[in-house]
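S.K.: Next one to model:
(4 chains)
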Number of protein chains: 2
Amino acid sequence: MASNRPGPNLSRIAASLGVSVATVSNALSGKGRVSAELGERIRATASALGYVPSQAGRALRTGRSGVLGLVLPDISNPLFPQIAQAMEYAASIAGYGVLIADSRGDVARQTEAINRLLERGVDGMIIVPRRGTRIADIGCPVAVVDTPSTPGNTVSADHWQGGRQIAKYLHDLGHRDFLLLGNNPASNVQNDRIGGIKSALDGSSRVEVLWIEKIEERDGAGCPLGLADKARDGFTAFAAVSDLPALRALTELQRAGVSVPGCVSVTGFDDLIWSPVVTPALTTMRMDMATIAEIAIAALVEAIEKRAPGETSEDELLSGIRRIVTATVSRVPMQLIVRQSSGPAKPGKTDPSDGELPK
Amino acid sequence: MASNRPGPNLSRIAASLGVSVATVSNALSGKGRVSAELGERIRATASALGYVPSQAGRALRTGRSGVLGLVLPDISNPLFPQIAQAMEYAASIAGYGVLIADSRGDVARQTEAINRLLERGVDGMIIVPRRGTRIADIGCPVAVVDTPSTPGNTVSADHWQGGRQIAKYLHDLGHRDFLLLGNNPASNVQNDRIGGIKSALDGSSRVEVLWIEKIEERDGAGCPLGLADKARDGFTAFAAVSDLPALRALTELQRAGVSVPGCVSVTGFDDLIWSPVVTPALTTMRMDMATIAEIAIAALVEAIEKRAPGETSEDELLSGIRRIVTATVSRVPMQLIVRQSSGPAKPGKTDPSDGELPK
DNA sequence: AACACTTGATTAAACGATTAATCAGTTGTT
DNA sequence: AACAACTGATTAATCGTTTAATCAAGTGTT
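M.R.: The predicted structure follows:
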C-alpha cells in the first residue's frame, strides 16, 4: 500500500505546504528564486519530516551518482586501511560516497573490477595501481595515486624525498654501510624510495639492495634472508622500503642474536599498524595520507563538476588522450618517525654481545 | 548536444530494432513474454551496442540501489583488508556493490557513518561492531558480524572453538602454564577466544590473562609488558588473542633473549599479513572470511529480495523489533595454522641459553 | 461460428529530483 | 500611462528503467 521507499519526498513536502515541488526543490538547493520567508518555512518542514533526498532520483536526472570508486589492485596491502580511511573521509567531506573494488591481486581482473565500478555509475575513480600498471583510458575521470616519477600520477607521497630523508638520518647517525630491502623491483614506489636513499649517499657509503621476491623465488616463501651474515659483513643500516620487510628484518636479526639498535639499525616505510608496538618500536617514514586523499579527491571532484553537461565535443578530444586528472600539488612530503629501532652506528666490527640497551 | 550519459539506453536499442522499450526490457530481464527469436535479436544488438543498464534508472523505479554498506567502526583494524576483500567479492558475485563507511574509531560517529550510507540508499548493511556496541534499529536489513555469543550476531568465526583448538594444540605439546594476552576486556571476540582457551584447559594448567590496554593506561602506549619476567616465572605458552599482541610478545621476548620456540611458544589469532614472514613465523588461528562473507551477504540479500514491494504492514511489525538478519549457519570454524613460533614445552625451568634451533 | 485461451507485443504510468520555460504580479523608468 | 525589468512562484518535460494493463492476432474447443 504505502510507497516502497520510506520517508517523505519532495512532493509530500510540497503538498503539506500547498506549494509546488519545483519551489521546494529550489528552496532546498538554493538555486531558483524563492522568497526568504517561504524558503525558511520549506526548510523547516523538510527537516521536521526528516526529508532525505533520493540519490536515485537525483542521479537519474543529473547523470551523476555522487559515488567514487576506489580501486586497490593489491587489496591485501597492509596500507589499505590507511588509504581507505583517508579516501572515505575526504570523499564524505566533499559529499561523495566510496565504492570499493578489488581485483584480488590479479592484474587481469583489474579491468573487470573497474568495469564493475563503471556499471554502477561512479562519477570518478581513485586508482592505486599495482606495481606500475599503466591505467588505460576508461570512461570517467581518474585520479592515480602512485609515485611522482610515474607518468600520469595525480598525487602521491614524495617517496624519493622520503628516501633521502631516512638516508640522511641514518648517515648523520654515523652509518656508512647500507643494506636496502625491497620486495619487487617492478614497483615504482619502491624504486623511488631506493633511488632517494641512494641519491642522498655519496661515494663515502656502501649500498647494497636485496630484492626479497627474487630470493624467495629461489628459496621459497618465508625463507631466511641471511641478514645476520650481512651484519657480520659490516652492514649496520638495514633500511627497508616498507614496514613489512623491515619487520621481517627485525625479527630475523633478533632471532639470530643481533641486537637492534645496539649492533644494527632497522628502519621501514609507511608506519603500519604494528610499527609502534613491536620491540624495539620501528623507526619509519610516514605518508600523509589525509593530505594525499584530500588532494586526489579535490582534483577528481573538480574534474567531475566542471564538466557542464553537453561538452561532448571537448570531451571526445580529451577522452582519446587521457581522462586522468592532475593536481597542482602532486607530491606530499613524508615524515620521519624516530623510534627505538635505530641508533648511532657502532664503530668497528659488529659484536653480537654488546648493546643490550634495555627498554 | 549529445546525451550526457555515454552509451545506449533501452530506447536506443528499441529504436534500432523498431520495437518498444518494454519489449527490450522484457527480453533482457527475461520476465515478460517475448518470442525466442526476437529475444535473441534484442540481446545481440544490446551487446553489440555495448548496452549497460543505468543503475540510477533502475534504482529509481525498483527502489533498490544494488549497493550494500560496509561499516567497520574500527577501520584501522588490521583485519580490514581481509574483511573488505571477502565482502566485496561475495557481494559482487551476488550482483551488489559495496560502499564503505568509517567512523574513525569514534563510537559516536558510528551513527553518522550509518546515516551517510542510508542517505546513499544502500539496500542493506554489514556491520562489524566495535567492541560489543549494540546495533540500534536502522532503516534497512543488517547483518552483524561479531561473535556467536553476542545477541543479534548474524554470522562470525567460532572464536570459542578457535580458543579451544589452540589451547588443545598447546596442551598436547606439553604446555601447562599459559599466559593469555588480550587488548581490551570489552571485546566480545577477545573474551570468547579467551573463554574457549580456558574451557579447554582443566585444572591441571595455570592460566593468567594480561589485558594490554590496562597496562598501557598505567605505563603509556608501547610500554614493555614484562613478558621476560613471566617466562622466568614459568609460563611457557604465550597465547595472544590476536596477531598484533602476539607479534608484540614475540619481539619483546626475543629482544629480552628468550628464545621462541626454544624456551616459550607464542601464538596468535587471525593470520594477519605479517604472520608468515616474521622470524619465527607465527602459529595462529585463521578465520574463514570467505565463508563468513558469503553467509552474511546471502542472508542480507535474501532479506532484501524477499521483501516484495508494499509489505509495509509486516514490515512495521518487524521494524519495531529488529531488522537484523539471521543465517542458518552462524558460526564458522577456525583453522589452526602451525608455523615455527610454537613447539614442545621444555620441562623444568626456562633457560635463556638453550633451544636455538636455527631451522 | 461463437467463445475462451494463449502468445507476443505495445501503451502508459510510475519512481523522485532537477530545470528551462512560463506566468502573474509588483516595482521602476520615462 | 505605457512599457520594461524584476520577483516569486508554477508548469511541464526529462533522465532510464520497470511493470501493470491492454490489445491484436492466432489457436483450440464446442
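S.K.: what about the strands in the stretch 151-300 of chain A?
M.R.: A:156-157, A:177-182, A:206-211, A:237-240, A:265-267, A:284-286 (DSSP state E, counting those that start in this stretch).
S.K.: Can I get those strands in a markdown table including distance to chain B?
M.R.: Glycine gets a C-beta too; all of them are placed from N, C-alpha and C. A markdown table is the format used below for those (distance: least, C-beta to the nearest C-beta, whole Å):
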| stretch | distance to chain B |
| --- | --- |
| strand A:156-157 | 19 |
| strand A:177-182 | 12 |
| strand A:206-211 | 14 |
| strand A:237-240 | 12 |
| strand A:265-267 | 11 |
| strand A:284-286 | 14 |
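S.K.: so which of these gets nearest residue B:190?
M.R.: Of all those, strand A:284-286 sits nearest to residue B:190, with 27.2 Å by C-beta to C-beta.
S.K.: Other residues contacting the closest one?
M.R.: A:162, A:165-166, A:243, A:246, A:267-272, A:275, A:334-337, A:339 (C-beta atoms under 8 Å, 6 or more residues apart in numbering or on different chains).
S.K.: Point me to the residue of the stretch 151-300 of chain A nearest DNA strand D.
M.R.: Residue of the stretch 151-300 of chain A nearest DNA strand D, by C-beta to the nearest atom of the strand: residue A:300 (22.4 Å).
S.K.: Hmm, that residue is touching residue A:67, no?
M.R.: No. With contact defined as C-beta atoms under 8 Å, residue A:300 does not reach residue A:67; the gap is 11.7 Å.
S.K.: Can I get stretch A:184-191 in PDB? Just the C-alpha atoms.
M.R.: Taking Å, rounded to 0.1, in the frame of the first residue of the first chain, the C-alpha atoms of stretch A:184-191 are listed here in PDB:
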ATOM      1  CA  ASN A 184      60.000  -6.300  -6.000                       C
ATOM      2  CA  PRO A 185      62.000  -4.200  -8.400                       C
ATOM      3  CA  ALA A 186      58.900  -3.600 -10.600                       C
ATOM      4  CA  SER A 187      57.300  -1.400  -8.000                       C
ATOM      5  CA  ASN A 188      57.700   2.300  -8.900                       C
ATOM      6  CA  VAL A 189      57.200   3.300  -5.300                       C
ATOM      7  CA  GLN A 190      59.900   1.000  -4.000                       C
ATOM      8  CA  ASN A 191      62.300   2.100  -6.700                       C
END
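S.K.: Which residue ranges make up the domains of chain A?
M.R.: Chain A breaks down by automatic domain parsing into domains covering A:10-53, A:67-157+A:289-332, A:159-287.
S.K.: could these go into JSON lines alongside mean neighbour count?
M.R.: Formatted as JSON lines, the domains of chain A follow (neighbours: other C-beta atoms under 10 Å in any protein chain shown):
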{"stretch": "domain A:10-53", "mean neighbour count": "15"}
{"stretch": "domain A:67-157+A:289-332", "mean neighbour count": "19"}
{"stretch": "domain A:159-287", "mean neighbour count": "21"}
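S.K.: weakest of these by average pLDDT?
M.R.: The minimum mean pLDDT among the domains of chain A belongs to domain A:67-157+A:289-332 (a mean of 84).
S.K.: Quick check: residue A:176 vs residue A:206, distance?
M.R.: Going from residue A:176 to residue A:206 by C-beta to C-beta, to the nearest Å gives 7 Å.
S.K.: let me redo that: residue A:117
M.R.: Note on residue A:117: its distance to residue A:206, by C-beta to C-beta, is 47 Å.
S.K.: Now residue A:120: closest residue in space that isn't a chain neighbour?
M.R.: Spatial nearest neighbour of residue A:120, chain neighbours left out: residue B:97 (4.8 Å); criterion: C-beta to C-beta, 6 or more residues apart in numbering or on different chains.
S.K.: Spit out the contact partners of that neighbour.
M.R.: Counted by C-beta under 8 Å, 6+ apart, residue B:97 has contacts A:99, A:116-117, A:120, B:66-68, B:91.
S.K.: Recalculate using a threshold of 6 Å.
M.R.: Residues near residue B:97 by C-beta atoms under 6 Å, 6 or more residues apart in numbering or on different chains: A:99, A:120, B:67.
S.K.: next one: residue A:227
M.R.: A:249, A:252-253 are the contacts of residue A:227 under C-beta under 6 Å, 6+ apart.
S.K.: Relative to residue A:245, how far out is residue A:341?
M.R.: Look at residue A:341 and residue A:245: by C-beta to C-beta, they are 13 Å apart.
S.K.: any idea how far DNA strand C is from the nearest residue to residue A:153 once chain neighbours are set aside?
M.R.: Nearest non-adjacent residue to residue A:153, counting by C-beta to C-beta, 6+ apart: residue A:146, 4.9 Å away. For residue A:146, the distance to DNA strand C equals 34 Å [C-beta to the nearest atom of the strand, to the nearest Å].
S.K.: A strand includes residue A:146, no?
M.R.: No. Going by DSSP: H, G, I helix; E, B strand; the rest coil, the assignment for residue A:146 is coil, not a strand.
S.K.: I'd say it and residue A:127 touch.
M.R.: No. Between residue A:146 and residue A:127 there is no contact, the gap being 8.4 Å when judged by C-beta atoms under 6 Å.
S.K.: Can you pull the residues that touch both of those two?
M.R.: The overlap between the contact sets of residue A:146 and residue A:127 (C-beta under 6 Å, 6+ apart) is empty.
S.K.: Quick check: residue A:293 touching residue A:86?
M.R.: Yes. Using C-beta under 6 Å, residue A:293 is in contact with residue A:86, at 3.7 Å.
S.K.: Near DNA strand D, which residues of chain A are found?
M.R.: A:18-23, A:26, A:32-35, A:37-39, A:57, A:60-61, A:63 (C-beta under 7 Å from any atom of the strand).
S.K.: Among the residues you listed, which ones lie close to chain B?
M.R.: Subset of these in contact with chain B: A:57, A:60, A:63, counting by C-beta under 6 Å from any C-beta of the partner chain.
S.K.: Show me where the stretch 151-300 of chain A has its helices.
M.R.: A:159-172, A:188-200, A:212-219, A:227-232, A:243-255, A:289-306 (DSSP state H, counting those that start in this stretch).
S.K.: Looking at the ones you listed, which is nearest to residue A:73?
M.R.: Among those, helix A:188-200 sits nearest to residue A:73 (C-beta to C-beta), with 13.2 Å.
S.K.: Tell me what angle the closest one forms with helix A:159-172.
M.R.: 40 degrees (axes from the mean of the first three to the mean of the last three C-alpha atoms, to 10 degrees).
S.K.: who does helix A:188-200 touch, helix- and strand-wise?
M.R.: When contacts are defined as 3 or more C-beta pairs under 6 Å, 6 or more residues apart in numbering or on different chains; DSSP states H and E, helix A:188-200 packs onto helix A:159-172.
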